[in-house]
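# Sequence plus predicted model, see below.
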Number of protein chains: 4
Amino acid sequence: MNTAVLAERIVEAGKRLFAEQGFHATGMRAIARAAGVSIGAIYHYFASKDEIFLAVLRQEYERRLQEARALWEQGLPASEIIRRVVELHFATLAGHKESVQLLSRAWAPETPALRAQVQALREEYAAYIAKFLEEGMEAGQIRRSHPLLTAYALLGLVEAVTGRALAEDEVARELLEVGPTELADMAWRALRPK
Amino acid sequence: MNTAVLAERIVEAGKRLFAEQGFHATGMRAIARAAGVSIGAIYHYFASKDEIFLAVLRQEYERRLQEARALWEQGLPASEIIRRVVELHFATLAGHKESVQLLSRAWAPETPALRAQVQALREEYAAYIAKFLEEGMEAGQIRRSHPLLTAYALLGLVEAVTGRALAEDEVARELLEVGPTELADMAWRALRPK
Amino acid sequence: MNTAVLAERIVEAGKRLFAEQGFHATGMRAIARAAGVSIGAIYHYFASKDEIFLAVLRQEYERRLQEARALWEQGLPASEIIRRVVELHFATLAGHKESVQLLSRAWAPETPALRAQVQALREEYAAYIAKFLEEGMEAGQIRRSHPLLTAYALLGLVEAVTGRALAEDEVARELLEVGPTELADMAWRALRPK
Amino acid sequence: MNTAVLAERIVEAGKRLFAEQGFHATGMRAIARAAGVSIGAIYHYFASKDEIFLAVLRQEYERRLQEARALWEQGLPASEIIRRVVELHFATLAGHKESVQLLSRAWAPETPALRAQVQALREEYAAYIAKFLEEGMEAGQIRRSHPLLTAYALLGLVEAVTGRALAEDEVARELLEVGPTELADMAWRALRPK
DNA sequence: TATGAATGAGAGTTCATTCAT
DNA sequence: GATGAATGAACTCTCATTCAT
């Protein structure tokens, strides 16, 4: 379908530009140019700039959810899953820096309506992690705690460090190196049963 | 001093508006109106909108640094300091919601120059926490790890949860209630010596 | 083409306003109003106010170049060409006062970038005159001298007088009357071979 | 008198800045800073920015008039006076570039009131030259023509070339070199009796 | 006499969105 | 379906000038 092709190109262009420059600094003209489509065409597929942004984020979160699901289904022990999720985040940073930049930069949109939707996407991801934690708690693999709170805490733990690692200074290089191991250990100490 | 009065009113108005609506959604006219000064007066005290934003953030981080210093100087054990810092963050959320909103929303500004400065302020705060952690490690009160990485991880841990708690739904109320205890425990488990 | 229509109306409005009030005193809003278009439409056709100004000047210099070319191609003797060029300048003053005002008023714009471009347009016109002079020198019709210098000198000679003649006082009326003859004679005495 | 000292410093600062950047690009703050006085002090001595500009121009034209008077009083033949006036213009360009820039750039102010006054200053200078030409005509040293028209023509002749010579390219250097001789010759051919 | 804080209209420019073709 | 010309409110920032001290 031609339709899907154009929409996909718009989302890809939007992802790159939103990640590089942020939401406000990215104009519809720039997206149209980068996607090789007309402005009119964009409005044919998306109702507004907000909708493009949401489509981009949906795709990103969807990918992360799929990665998480894939890990879960391998039946590994909880500590191993946590280690791998942390590793995955750092691998994304190395291979698809834009993806991390995107989530780091467009964290909390300023328009109330958009913010609510972005936070809903984030909640969906957090809820999935919470579900995993909950099952681990019931199986005695993970210490009991408030699952959603713990999920957000883990997300924050990792994202704060990867966010800092986006800078291109000496510190960032250090964090990239020791981050995966240190964060996985830290997370596991926080989560393991007594 | 009359000078300080106007500048202070501008910073206060900016803080409230930036927190409520974010950086881009807050215009100079709105700040002027809210502060009860003319637009010209704003530019007499601040070179640009960016500078107002930075002044607001500097004030916020300064306050947090002072709180942290005050805690440290009491000579409490590390676990207690951590517990109190977490409590402080949640207390701020209850008493000065705007302060948490501000830091949550203006996490990573989109303009490169502004972003660099905001991140420098954040780094200053993180470095202070890292210094505290480092002393704790040398005294055997805290497990050895990369101090700055750990500082960012702790910040992220707390901020992700307080950020979620800003919403005014049922979940947010739950997080507000169990947050302080759960997060302090979680952090301590991650930090305590073997 | 509709395109050309709007752009042309913008240039015409700009020409009139720049001539009447000068570059700085003419705002984009005034141009939009005078052209009967929206401000947005202006920026659709021109990147900046400078660009409108340059388009206006390009049109003016283009017209003058065409007039000069047309004269040249008639194969008249040099003295006759000079007489007619001077006459043409005064005729423009009578028929299109705005054209003379424009060039007189926006002689040397204050912004370096704009000034460079305006002077390049002027140089193009001067260079054409210089080429004509050079051919005349080689044919022995015109006394040998530095061609470009002489071209600028002739331009200045005429423009200083037409500039003064823009005022609407008694002196201006005198200059309008005697100007064509006196200036043509003066120029020819300066240029004719020994 | 302190008064005169401050006013003089303001005029000097204004002259430099107006020449370098033009009228609009030069702000009152910049003049105050360059003159080492307060903005309030400027308004104590000058009613407006226009008045500073006029004071600057008055000083410039006054100097030129004095130079012209000094030349006249030496009782030289007309051709020699003309040669020396042209030389003087080029010498000014070499020694006080700013003076030539000033007159070249702020040629025709955009505010009607200011423009009228600037043109009046120019007319005063032209009228003096015209008076000299008139005496020369009566003495048979100079060919009969409209004196004021001829004065403006001579001014334009020289100023167009010196204006072009302000650029700092190869052509400008050429004009600086051959200008004095060529222009003086050209002017004399235009003026000398049959 | 001298200061510089304060004013606020107005500048050029941007940009998401619409809609006639 | 697809285009991109057109809109105009809103943006940040400048600046000559005033006036209380």
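Nice, I can see it.
# Break chain A down into its domains, please.
For chain A, automatic domain parsing gives the domain ranges A:1-46, A:51-191.
# Most tightly packed of those domains?
Mean neighbour count (mean count of other CB atoms under 10 Å in any protein chain shown) peaks for domain A:51-191 among the domains of chain A, with a mean of 18. For glycine as for every other residue, the C-beta is placed from the backbone atoms N, C-alpha and C.
# Which one of the residues in chain A is closest to chain C?
Nearest to chain C, among the residues of chain A, is A:Arg29, at 11.5 Å (CB to the nearest CB).
# who's in contact with that residue?
A:Ile39 (CB atoms under 8 Å, 6 or more residues apart in numbering or on different chains).
# How confident is the prediction for it, by pLDDT?
Per-residue pLDDT puts A:Arg29 at 95.
# ok, now A:Glu123?
Note for A:Glu123: predicted pLDDT of 95.
# and if you look at A:His96?
89.
# From A:Arg63, how far off is it?
From A:His96 across to A:Arg63, the span is 9 Å (CB to CB, to the nearest Å).
# Adding distance to B:Ala127 as columns, could you present the domains of chain A in TSV?
Output for the domains of chain A, formatted as TSV (distance: least, CB to CB, whole Å):
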stretch	distance to B:Ala127
domain A:1-46	26
domain A:51-191	10
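# closest to C:Gly36 out of those domains?
Across the domains of chain A, C:Gly36 has its closest neighbour in domain A:1-46 (24.7 Å, CB to CB).
# Can you tell me what sits against stretch A:182-193?
Defining contact as CB under 8 Å, 6+ apart, one finds that stretch A:182-193 is touched by A:78-79, A:82-83, A:86-87, A:133, A:136, A:140-143, A:150, A:153-154, A:157-158, A:161, B:143, B:145-146, B:149-150, B:153, B:186-187, B:189-190.
# at 6 Å instead, please
With contacts defined as CB atoms under 6 Å, 6 or more residues apart in numbering or on different chains, stretch A:182-193 is touched by A:79, A:82-83, A:86, A:142-143, A:154, A:158, B:145-146, B:149, B:186, B:189-190.
# close to DNA strand E, is the helix or strand containing A:Glu135?
A:Glu135 is located in helix A:112-138, with elements delineated by DSSP states H and E. No. Helix A:112-138 does not reach DNA strand E (CB under 7 Å from any atom of the strand); its nearest approach is 10.1 Å.
# touching chain B at all, the helix or strand that that helix is followed by?
Once the chain leaves helix A:112-138, the next helix or strand it forms, by DSSP H and E, is helix A:147-164. Yes. Applying CB under 6 Å from any CB of the partner chain, one finds helix A:147-164 in contact with chain B at A:149, A:152-153, A:155-157, A:159-161, A:164.
# now the angle from whatever helix or strand comes next after helix A:147-164 to helix A:112-138?
Next helix or strand after helix A:147-164 toward the C-terminus (DSSP H and E): helix A:170-191. For helix A:170-191 against helix A:112-138, the angle by axes from the mean of the first three to the mean of the last three CA atoms, to 10 degrees is 50 degrees.
# Just the angle for helix A:170-191 relative to helix B:147-165, thanks.
60 degrees.
# Okay, now the unreliable bits of chain A?
A:1-3 (pLDDT under 70).
# In it, which residue sits nearest chain D?
Using CB to the nearest CB, the closest approach of chain A to chain D is made by A:Ala25 at 28.8 Å.
# Is the closest residue in space to that residue that isn't next to it in sequence part of a helix or strand, or is it coil?
Using CB to CB, 6 or more residues apart in numbering or on different chains and skipping the chain neighbours, the partner closest in space to A:Ala25 is B:Glu110 (5.1 Å). Judged by DSSP: H, G, I helix; E, B strand; the rest coil, the three-state class of B:Glu110 is coil.
# List the residues that contact B:Glu110.
B:Glu110 neighbours (CB under 6 Å, 6+ apart): A:22, A:24-25.
# how about the residues of chain A near DNA strand F?
Neighbours of DNA strand F within chain A, by CB under 7 Å from any atom of the strand: A:2-3, A:6, A:37-41, A:43-44.
# State the distance from the residue in chain A that DNA strand F sits nearest to to DNA strand E.
Nearest residue of chain A to DNA strand F: A:Gly40, at 2.1 Å (CB to the nearest atom of the strand). According to CB to the nearest atom of the strand, to the nearest Å, A:Gly40 and DNA strand E sit 5 Å apart.
# Mind checking if whichever strand or helix holds that residue is in reach of chain C?
Assigned by DSSP H and E, A:Gly40 belongs to helix A:39-45. No. Counting by CB under 6 Å from any CB, chain C has no neighbours in helix A:39-45; the shortest distance is 12.4 Å.
# Packing partners of that helix?
helix A:28-35 (3 or more CB pairs under 6 Å, 6 or more residues apart in numbering or on different chains; DSSP states H and E).
# What parts of chain A come near chain C?
Looking at chain C, no residue of chain A is close enough under CB under 6 Å from any CB.
# What parts of chain A come near DNA strand E?
Counting by CB under 7 Å from any atom of the strand, chain A sits next to DNA strand E at A:24-29, A:39-40, A:43, A:48-50.
# Not counting sequence-adjacent ones, nearest residue to A:His146?
Nearest to A:His146 is B:Val178, by CB to CB, 6+ apart, at 5.1 Å.
# Oh, that last question was meant for A:Ile142, not what I typed.
Closest to A:Ile142 by CB to CB, 6+ apart is A:Gly136, at 3.5 Å.
# cool, A:Leu133 as well?
A:Leu133 sits nearest to A:Pro147 (CB to CB, 6+ apart), 4.7 Å away.
# who touches that neighbour in this structure?
Listed by CB under 6 Å, 6+ apart, the contact set of A:Pro147 reads A:130, A:133-134.
# and the gap between it and B:Val178?
From A:Pro147 over to B:Val178 the distance is 11 Å, taken as CB to CB.
# Nearest to B:Arg69, out of the residues of chain A next to DNA strand E: which one, please.
Among the residues of chain A next to DNA strand E, A:His24 lies closest to B:Arg69 (CB to CB), at 35.9 Å.
# isn't that closest one right up against B:Gly22?
No. If you go by CB atoms under 6 Å, A:His24 and B:Gly22 don't touch, sitting 9.6 Å apart.
# Put together JSON lines for the contacts of stretch A:182-193, with distance to D:Glu168 on each row.
Listed next are the contacts of stretch A:182-193 as JSON lines, based on distance: CB to CB, whole Å:
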{"residue": "A:Ser79", "distance to D:Glu168": "72"}
{"residue": "A:Ile82", "distance to D:Glu168": "68"}
{"residue": "A:Arg83", "distance to D:Glu168": "66"}
{"residue": "A:Val86", "distance to D:Glu168": "61"}
{"residue": "A:Ile142", "distance to D:Glu168": "75"}
{"residue": "A:Arg143", "distance to D:Glu168": "76"}
{"residue": "A:Leu154", "distance to D:Glu168": "64"}
{"residue": "A:Val158", "distance to D:Glu168": "58"}
{"residue": "B:Ser145", "distance to D:Glu168": "62"}
{"residue": "B:His146", "distance to D:Glu168": "57"}
{"residue": "B:Leu149", "distance to D:Glu168": "56"}
{"residue": "B:Met186", "distance to D:Glu168": "69"}
{"residue": "B:Arg189", "distance to D:Glu168": "72"}
{"residue": "B:Ala190", "distance to D:Glu168": "66"}
